[in-house]
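Colleague: Predicted model and sequence below, questions to follow.
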Amino acid sequence: MQGPQAGKGMLAYSQIEALKFDNGRFEDIAMVWVRCGQQWMADIDAIVFDKDGTLANSHQLLHRTALARAEACATAVGAGDEIVQALLTCFGVSPQGIDPDGLMAAGTREANRQGAITVLVQAGYPQEKVTALVADCFAAVNAARNGKAAYTPPFEGTAAMLERLHQSPLKLGVLSSDSPAYVEEFLRYYDLMPWVDEWQGTRPQDPPKPDPTLLLEVCDRLQVSVAHTLVIGDSWADLALAEQANAAGFISVSEPWGRSPVPGATRILSQWDDLVVVDSAQPGLSSPCDTLK
């Protein structure tokens, strides 16, 4: 089994049926179980979600933003299509679409800015000039867009899933490489804030994913151990984040979210309805499998 903490708290359907129970209650096992497909994960206290590409369908906006940034930077230095294409490649944009593991999809704004500076410096432009120029171009693109949330709707079923899981004993968090302002804007614009216990964006001075610092901070605010926390995301950075933090596991979204599963994921999610939470303290519950019968 691959992925972070592979095997820890993970039981197959057949293994659960073989467990022994007394008095209609689980004995000596975790209080809360999470099911992904037909696989169960025990001893889970929280789930932390990525935003763009996981909760928010940001593919079209990312493509438009990358193109606008590339064209603005190229125009500012008096360059042509060759530099535009070099910048798009740096951002992880191709005729086939957005690379879910590329800078635009998985990186911070600062990482994209540094990438653009590197492309222009390698093309022969002085670093002192392009550093300020790229910052100005990125700011101009953002100003022209006037916000982000309206262009990044939640994937189908996201709001219902968050509301459903919020009624369970689990704590729910959001950790994004996007700026704190845009994370808050998204959650408020789509009325998701009531279903999220803690959220965290990434500021320029913050260590970006996969550095586990911000995930550990979110877990501290949720008052849970990262070892009992699942990470759900759409990129290598989310997988590496879970691994470096020694989280309970990493669940990858898949084709319905516009990407193939992240290699090495602990579990793979095909739809939000496949994510089920069972509280073993519920009266009359004799097995997690009973919820499926």
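Modeller: Ah, there it is. Numbering: from 1, shown residues only.
Colleague: Isn't R145 up against A139?
Modeller: No. In this structure R145 lies outside contact range of A139 using Cβ atoms under 8 Å: 10.9 Å. (Glycine included, C-beta is placed from N, CA and C.)
Colleague: ok, those two, which is more surrounded?
Modeller: Neighbours per residue, other Cβ atoms under 10 Å: of R145 and A139, the larger number sits with R145, 14 against 11.
Colleague: doesn't A105 make contact with A66?
Modeller: No. A66 lies out of contact with A105 (Cβ under 8 Å); the separation is 9.6 Å.
Colleague: Now for these two: what residues contact both?
Modeller: Each of 92, 98 lies in contact with both A66 and A105 under the rule Cβ atoms under 8 Å, 6 or more residues apart in numbering.
Colleague: any chance you could map the strands in the stretch 51-200 of the chain?
Modeller: 93-94, 97-98, 171-175, 198-200 (DSSP state E, counting those that start in this stretch).
Colleague: Paired strands for the longest one, with orientation please.
Modeller: Based on DSSP bridges, the pairing partners of strand 171-175 within the sheet are strand 46-49 (parallel), strand 198-200 (parallel).
Colleague: Any chance of the ones you listed in TSV with mean pLDDT as columns?
Modeller: Listed next are the strands paired with strand 171-175 as TSV, based on pLDDT from 0 to 100:
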stretch	mean pLDDT
strand 46-49	99
strand 198-200	99
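Colleague: Could you save these as JSON lines and add columns showing distance to P95 and mean neighbour count?
Modeller: Output for the strands paired with strand 171-175, formatted as JSON lines (distance: least, Cβ to Cβ, whole Å; neighbours: other Cβ atoms under 10 Å):
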{"stretch": "strand 46-49", "distance to P95": "30", "mean neighbour count": "26"}
{"stretch": "strand 198-200", "distance to P95": "34", "mean neighbour count": "20"}
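Colleague: can you redo those as CSV with distance to T75?
Modeller: Shown next, in CSV, are these (distance: least, Cβ to Cβ, whole Å):
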stretch, distance to T75
strand 46-49, 37
strand 198-200, 35
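Colleague: nearest to M161, of these?
Modeller: Minimum separation from M161 across the strands paired with strand 171-175 (Cβ to Cβ) falls at strand 46-49, 9.6 Å.
Colleague: quick one: contacts of that closest one?
Modeller: So strand 46-49 is contacted by 34, 55, 165, 170-175, 215, 218-219, 222, 224, 228-233 (Cβ under 8 Å, 6+ apart).
Colleague: Filter these down to the buried ones, ChimeraX style.
Modeller: To isolate the buried members of these in ChimeraX, using 16 or more other Cβ atoms under 10 Å:
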select :34,55,165,170,171,172,173,174,175,215,218,219,222,224,228,229,230,231,232,233
